[in-house]
Structure formats: structure tokens, C-alpha cells
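[1] quick one, what's the 3D model for this:
(one chain, ligands or ions: 1)
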Amino acid sequence: MVDFRFDIKPLFPQPIIKVTSNLLPHTFRGDRRQCLDATSKMSEIIDSLGQLSATSQGLNKPVTTAQRLRMCDTQTIYLLADTEAGHNGAVAGLLKVGTKDLYLFDETGQSRKVENAPSILDFYVHETRQRAGLGKRLFETMLQEEKWTPVKCSVDRPSEKLVGFLRKHYGLRHMIPQANNFVLYHGFFDGPGAPAANGNGNGNGDAQSPQHATRNNGLHITNSPNTQLFGATYLGEDSNRRRGSQQQNSPNTLIQQITQISPSGRYGAPRPTCSMAEIIHAGNSKNGKGGGSSAESNSGNGHDIAEIAAQLEQQTLADIEAQRYEPEFEPEPEVEPEPEPEPEPEPEPEVITPPSPPPKSHTPTPPTVRSPEVAESIIGDNRRPPAFQLSKQHTGMKNRSFGVGMAVMPSSKMEFDQMEREDFGVVKINRPPGHDVTSPGQDNTDAMSTVSSGGGGGGLTDQGYYDLKFYHNKLW
Ligand SMILES: CC(=O)SCCNC(=O)CCNC(=O)[C@H](O)C(C)(C)COP(=O)(O)OP(=O)(O)OC[C@H]1O[C@@H](n2cnc3c(N)ncnc32)[C@H](O)[C@@H]1OP(=O)(O)O
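    The predicted structure is shown next:
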């Protein structure tokens, strides 16, 4: 139970209150000063419960804050209090719901636009009071107030507990896979008010225009890395027509694909911003961002494209912004290159002549024979200044960047072999001696990066050397 430094009882004339963007209990009556006091206290309650909910779900940031509620007039928070607890009473649970415009897939894989879809956005009962029926009580009150039915609710990344809750209390078992983070259950699209395929509807009874009902919105769903990263993409009428019949004939295949690309539950990995969505969405004047020249001015279909893009973008941005979940997979730790075996003494030590080393009485004379140790002191540990300065004619580097060597290959074999002047902007790293470019066509590529590991053919890397070249265009 969550206690506060103030008495919550005036805010909770009944055990469950609902709060909207004015941050006042729906039961509240009072003058301006009392309103200010109540909103301040209500903000504290919402922020505390939101934080506890996030912690309970392992989220980085709360999904529910007073600030967010204030900014959104389509959301409602239900709060459950125990006014008998302690001196000031205590708050035991929170349920945030709202409506969302969503592009969803039905059981057959047809995409549908559902406006004002009822959505369960955040749900929390204090750990000390879970599994005591309080969640059910809160949920039932919400259903009555909103006049919703459980099967018509979309659920934003439900946790395992919520999945169990919905299964136990409402018999919701069979999910309809989605490409976004929402979970629907079989029955969501049933009934007279179900939205038509690819059309508009609110899931609760809006009639569909025939135009919308027949139009294929062209979502391109594959199991490609792009789709996994960015979600479904829009193909356009022509390509969609070409592949339409095939897709319609195989809904099972489509569902399977959706299942594969769909992040599972609240802990699906966040997707980066979809640049295509940004480009398309930039022209949509609906949200006041763009000039409205491209998407908005296009009739019908263009409007839908912008909305699809906006939705994808919004969901993605919201995901990243809120950081409401941890990535399913921790980013793999950077793979440290395996320590190389002690280098064999090179058969013919190459003699290099450092360009006029600065005389230093207290340091030994810079070595002239390249040994692995020396090479490391020169290049491998770039955090230290080299024992002597190599000019850019020797290194081929226009801009020396300390630390790059370590990042690429912190090996004692990290060397530069740049004995002759190169063209502008050419950097060569670690070309073993005696392996200069022989063919003229070998070096005239605009951009090339070659990394070859040891042990393979070619002879260049038979001692585990890395040959990394990077070329870029001349700027002038
Ligand atoms: C869209 C979203 O908000 S996703 C996030 C959902 N919230 C969370 O996961 C936060 C932590 N969990 C909770 O706060 C609560 O468990 C809630 C809100 C999901 C449910 O509230 P409760 O008061 O526990 O629900 P209630 O007592 O009415 O129902 C209990 C049922 O919920 C499910 N449930 C509740 N707690 C758990 C749990 N720890 N483990 C597994 N299932 C649980 C079970 O089905 C349970 O039935 P059972 O006890 O017979 O197994």
C-alpha cells in the first residue's frame, strides 16, 4: 500500500475514483484554491503509483505520470484506495485506459484501421495486495464506466500477470498476432460493429464506406530484417495489386509472418525510428508538422499512408521516448578479439627511420627495429602519445584520432605501413610490409573496406593481421 504525507480521504469519497487530464477526481467539487491543492496531491499519487508500476514491470521509465495524463485528453486513470489503512489512508492500485487509432490485423491477416480502439495502457496493484481480487474490482469498475467489454479491449504489451489475469477472469486466451505492441483477443473484430478490412471503424459499431472496405492498404509484411526493425511497410498500389491475390490466398502464411515479426508482449525489443515513416509523415499537415503537400494532399490512399506512417512512427517514438521496457535481448557485449598468441619473431625485422625524433635525455632512444612491443607503444595504445611523432606522410592519416586503433584491434600487431605518400583522404591501416598495392585497379574504388582475418587464403593475413582500408571521395 502506498502512503502519503497528506490525508487522501478527501480525494477518495469512494474507494475507486477516476481522474482525467484535469488531474482532479471525477467526484471533486471545490474552489480554485482547493482545486490547486487537489491537483497537486493527485499528481503526487499518480506519479508514485506510476513509478511503482514501472518498477514492478521492470520498465526504465513510468508509463503513467501526471504530466502525461495532463497532456492527453483520451486517457483516464482509475485509482483504488483503502481509506481505512493507516492514518491518512493508502492507495492500492492504478488502471490507466484510453482510446487509440490503430492499424490492426484480424484473425485472417487482413489489416484494419480501428479508430478509438479501447486500450488497456497500464495496470498495477500493490505487491502486498495482489491476488486478492482488487485488480478485478478495478477492472470491472473501468468496464462499467467506459462501457467496454474485455474482448473489445486492446492491451498494450501485457505482462505475464495481466495475461493470466485476463485469462482467469475473462476467459481471454487466443491472441491475434499484431505487428505493433498491442495484443488483441479473438472476438475483437466480431459483432455487427466490427470494422471492415482495410477500412475505418472504431471496433464498436461504425459503418464502413465501401471504398475503404475494398481498398487494400498495401502493408508489406515479410520476415526480412527491415520488417523486423521497422514493421510493415507500404508498398503502393501497383506492387500491392501484383502480390495481392497471392497474399489473400494464403492468410495462414501471413499470420505466420506476422507472428514472426511481432514483438511478444511488453518486453518486445524497441524499434528504431522508421525513417520512411518520417519522410512520409513529414508531409502530413494533420499534426501540424509538415506543409501538407505530399501525403495530405493525396486523395484517399495517401491520407492512409500518412496515417499508417504516423502510427508506426508514434508507436516507435513513444517506445523509445518512454523506454518503458528493457530490450528483450541485452546488447551483446563487444566481442573482444581473442588474444593473439605471442608473436613469433619476424624473420626479417624491418627497419624504420622515425622522422627526426625529438631528443629526450631522460628517455631511451626510440627504437628503430619494429617489434610487436614497439608497435603497440606506437599505435596499439593510442591513449598514450607515441614515443615519437609520425607525420601524416608516414601514417597517411589526415586527422589522427586517438583510440581508433584500440577500437579496431588492440593488438600488438597493429601497425601502419604507409611508406609512401597517398592520395587525399586515404587511410590504410595495418598493411603488412611487402604487400603494397600492385594492380592500379585495386585502389581506385571510391569507398572500400576490407577486413580479412588470419588463417585464410591470400597470404596477407597468414599471421592474423587485419587489413583494413577505407577510402572516401575527394571533397574537392
Ligand atoms: C498493459 C499493462 O498494464 S501490462 C502490466 C500489468 N501490470 C503488472 O504486471 C504489474 C504487476 N501485476 C499487478 O499489478 C497485478 O498482478 C495485476 C494488476 C496484473 C492483477 O491484479 P490482482 O489484484 O493481482 O488481480 P486479481 O487478484 O483480481 O486476479 C488475480 C489473477 O491475476 C493473475 N495474477 C495476479 N498476480 C499474479 C502473479 N504474481 N503471477 C501470475 N499471475 C498473477 C492471476 O491470473 C491471478 O489469478 P490466480 O491468483 O488464481 O492465479
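[2] quick one: the helices in the stretch 101-250 of the chain?
    134-146, 160-170, 210-214, 225-230, 237-249 (DSSP state H, counting those that start in this stretch).
[3] give me the residue from this protein nearest the ligand.
    When scored by Cβ to the nearest ligand atom, the chain has residue 135 as its residue closest to the ligand, at 2.4 Å. For every residue, glycine as well, the C-beta is placed using N, CA and C.
[4] wait, that residue touches residue 78, no?
    No - counting by Cβ atoms under 8 Å, residue 135 stays clear of residue 78, with 11.0 Å between them.
[5] by mean pLDDT, flag the weakest helix or strand of this structure.
    helix 210-214 (a mean of 31; mean pLDDT, DSSP states H and E).
[6] the residue of the chain closest to the ligand: how many residues sit nearby?
    22 (other Cβ atoms under 10 Å).
[7] what's the nearest residue to it if we skip its chain neighbours?
    Closest residue to residue 135 apart from its sequence neighbours, by Cβ to Cβ, 6 or more residues apart in numbering: residue 125 at 4.8 Å.
[8] I figured the one you found was touching residue 93, is that so?
    Yes - here residue 125 lies in contact with residue 93, judged by Cβ under 8 Å, at a distance of 4.1 Å.
[9] returning to what we had before: rank the helices of the stretch 101-250 of the chain by mean pLDDT and give me the bottom one.
    Comparing mean pLDDT across these, the weakest is helix 210-214, with a mean of 31.
[10] and the residue of the chain closest to the ligand, how far is that from residue 25?
    As judged by Cβ to Cβ, to the nearest Å, residue 135 and residue 25 stand 20 Å apart.
[11] low-confidence bits of the stretch 251-400 of the chain, can you list those?
    Filtered on pLDDT under 70, the stretch 251-400 of the chain yields the residue ranges 251-275, 277-278, 280-400.
[12] is it true that residue 61 touches residue 53?
    No - using Cβ under 8 Å, residue 61 is not in contact with residue 53; the gap is 11.0 Å.
[13] the more surrounded of those two?
    residue 53 (22 against 13).
[14] does stretch 158-169 reach the ligand?
    Yes - Stretch 158-169 is in contact with the ligand by Cβ under 6 Å from any ligand atom, via 158-159, 161-162, 164-165, 168.
[15] report the buried residues of that stretch.
    In terms of neighbour count (16 or more other Cβ atoms under 10 Å), stretch 158-169 has its buried residues at 158-159, 161-163, 165-166.
[16] next one: residue 39 from residue 69, what distance?
    Taken as Cβ to Cβ, the span from residue 39 to residue 69 is 11 Å.
[17] higher neighbour count, those two?
    The neighbour comparison of residue 39 against residue 69 (other Cβ under 10 Å) goes to residue 69, with 24 against 18.
[18] contact residues of the chain facing the ligand?
    Residues of the chain that fall close to the ligand, judged by Cβ under 6 Å from any ligand atom: 53, 56-57, 120-125, 130-136, 155-156, 158-159, 161-162, 164-165, 168, 266.
[19] if we use 8 Å, what do you get?
    Residues of the chain lying near the ligand by Cβ under 8 Å from any ligand atom: 53, 56-57, 63, 93, 95-96, 120-127, 129-139, 155-162, 164-165, 167-169, 266.
[20] longest helix of this protein?
    Scanning the chain for the longest helix, with DSSP state H as the assignment, gives helix 32-57.
[21] so which elements touch that one?
    strand 2-3, helix 66-71, strand 75-82, strand 90-105, strand 111-125 (3 or more Cβ pairs under 8 Å, 6 or more residues apart in numbering; DSSP states H and E).
[22] how about those, which one is nearest residue 29?
    Residue 29 sits nearest to strand 75-82 of all the helices and strands packed on helix 32-57, at 17.7 Å, using Cβ to Cβ.
[23] okay, now the sheet partners of that closest one, with direction.
    strand 16-19 (antiparallel), strand 90-105 (antiparallel) (DSSP bridges).
[24] how about those in TSV, adding mean pLDDT?
    Listed next are the strands paired with strand 75-82 as TSV, based on pLDDT from 0 to 100:
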stretch	mean pLDDT
strand 16-19	97
strand 90-105	96
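[25] pick the most deeply packed of these.
    Mean neighbours per residue, mean count of other Cβ atoms under 10 Å, is largest over the strands paired with strand 75-82 for strand 90-105, with a mean of 23.
[26] what's the angle between it and helix 32-57?
    Angle of strand 90-105 versus helix 32-57, following axes from the mean of the first three to the mean of the last three Cα atoms, to 10 degrees, is 70 degrees.
[27] quick check: closest non-adjacent residue to residue 149.
    Using Cβ to Cβ, 6+ apart, the closest residue to residue 149 is residue 143 (7.0 Å).
[28] quick check, that neighbour in contact with residue 150.
    Yes - counting by Cβ under 8 Å, residue 150 is a contact partner of residue 143 at 6.8 Å.
[29] now for the residues of stretch 158-169 next to the ligand: which two are most distant?
    Greatest spatial distance in these: 159 and 168, 14.0 Å, computed using Cβ to Cβ.
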